[in-house]
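Q: Dropping a prediction and its sequence here:
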Amino acid sequence: MSGDELTLTELLFQGGLENLQPEEIAAVLSAFVAPDGPVEQVPAPTAGIQRVRDQAEELHVAILKLQANSGVRINAEDWWKLCNFSLSLVAYDWANGVSFGDIMHKTNAQEGSIVRAILRLDELLRK
């Protein structure tokens, strides 16, 4: 399992997605399918997403520390790319039916990166 799979599994077992609306779940899960690239802090669209983002980031840190204490060498910058909420607002808007053109006006991400992330998110949501 990779770091993103471990973090997501722990988040699910801790009930992190309970009480969220479907569009909020899409925003949270986007962190685990975001393309490689810079990890940018974007405001969470809702308080529920912020709560789960905080929980996911705490879990991600705990797993990183556990791996480091076990002698597993991990590049911290690469590690944070595995739990990247930079497209959470994009995913939230997509799940709310906002047009692609309107979404593109709210982000600096490239169109191809957004399309790939949304396709991967759609695949994850279907599992």
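A: Thanks, I have the structure now. Numbers count the residues shown, from 1 in each chain.
Q: Tell me the confidence at the residue most central in space within the chain?
A: Residue closest to the average C-alpha location in the chain (C-alpha atoms, centre = their mean): Ala31, at 0.9 Å. pLDDT recorded at Ala31 is 92.
Q: and it, what does it touch?
A: Neighbouring residues of Ala31 by C-beta atoms under 8 Å, 6 or more residues apart in numbering: Arg53, Ala56, Cys83, Asn84, Phe85, Leu87, Ser88. From N, CA and C alone the C-beta is placed, and that goes for glycine too.
Q: Would you mind giving me the confidence score for the third one?
A: pLDDT recorded at Cys83 is 88.
Q: Pretty sure Ala56 is one of the things it touches, is it not?
A: Yes. Cys83 is in contact with Ala56 according to C-beta atoms under 8 Å; the separation is 6.0 Å.
Q: list residues touching both of these two?
A: Joint contacts of Cys83 and Ala56 (C-beta under 8 Å, 6+ apart) are Thr7, Ala31.
Q: for the chain, what are the low-confidence residue spans?
A: Applying pLDDT under 70 to the chain flags residues 1-3, 36-39.
Q: What segments of it are helices?
A: Assigned by DSSP state H, the chain shows helices spanning 3-13, 22-29, 47-69, 76-80, 88-95, 100-104, 111-126.
Q: okay, those, which one's buried deepest?
A: The highest mean neighbour count among the helices of the chain, using mean count of other C-beta atoms under 10 Å, belongs to helix 88-95: a mean of 23.
Q: So which other helices or strands are in contact with that helix?
A: Applying 3 or more C-beta pairs under 8 Å, 6 or more residues apart in numbering; DSSP states H and E, one finds that helix 88-95 makes contact with helix 22-29, helix 47-69, helix 100-104, helix 111-126.
Q: The same query, at a cut-off of 6 Å, please.
A: helix 22-29, helix 111-126 (3 or more C-beta pairs under 6 Å, 6 or more residues apart in numbering; DSSP states H and E).
Q: Next, the angle helix 111-126 makes with it.
A: Orientation check (axes from the mean of the first three to the mean of the last three C-alpha atoms, to 10 degrees): helix 88-95 against helix 111-126 gives 70 degrees.
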